[in-house]
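J.: predicted model follows, preceded by the sequence.
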Amino acid sequence: MRGFVLRRLAPHTGVIKQRYFAGESFEELAEHFDCGWGTIRRFLISEDVPLRQEPRKRKLDTFGVEVIEAFRTGTDVSEIAERFSVRPQTVRNFLLDRSALLAPVPDSDVTG
């Protein structure tokens, strides 16, 4: 472990790991320990902590309730996409991720 800040964090290893495993972000930890988020990341890596993948922020996350409500009330995916200035596939992916839309079954898989 190199650098003054990394050495300064060493006495707090247990607390940093515990808070990270509890879900705090690099940014939250960095603010608390008065350093940069990259320093927290490097520190965790130096301690062999498996890093979780931070969820990507999507444009529709801000409007999630509105998107789902519009879909549930029968608004077409293309209309929702136009309303929020995204592609229809983005709306479909958003709805699939939230289990608001079930993935279509290909015709060849349907028996009947």
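T.: Sure thing, it's come through. Remember, it's a predicted structure, so these values are computed and weren't measured experimentally.

J.: residues contacting the nearest residue to Val86 once chain neighbours are set aside?
T.: Excluding its sequence neighbours, the residue lying closest to Val86 (C-beta to C-beta, 6 or more residues apart in numbering) is Lys59, at 6.0 Å. Any C-beta I mention is one placed from the backbone N, CA and C, and that applies to glycine too. Neighbour list for Lys59: Phe84, Val86, Thr90 [criterion: C-beta atoms under 8 Å, 6 or more residues apart in numbering].

J.: so which strand or helix has the last one?
T.: Read that as Thr90. Element membership for Thr90 (DSSP states H and E) is helix 88-97.

J.: tell me which other helices or strands that helix touches.
T.: helix 64-72, helix 77-83 (3 or more C-beta pairs under 8 Å, 6 or more residues apart in numbering; DSSP states H and E).

J.: mind giving me the packing neighbours of the first one?
T.: Read it as helix 64-72. Applying 3+ C-beta pairs under 8 Å, 6+ apart, we find helix 64-72 packed against helix 77-83, helix 88-97.

J.: buried by neighbour count: which residues of it qualify?
T.: Of all the residues in helix 64-72, those buried under the rule 16 or more other C-beta atoms under 10 Å are Val67, Ile68, Ala70, Phe71.

J.: hang on, isn't the second one packed against Arg98?
T.: Which is Ile68. Yes - using C-beta atoms under 8 Å, Ile68 makes contact with Arg98 at a distance of 6.6 Å.

J.: right, I'll call it a day here.
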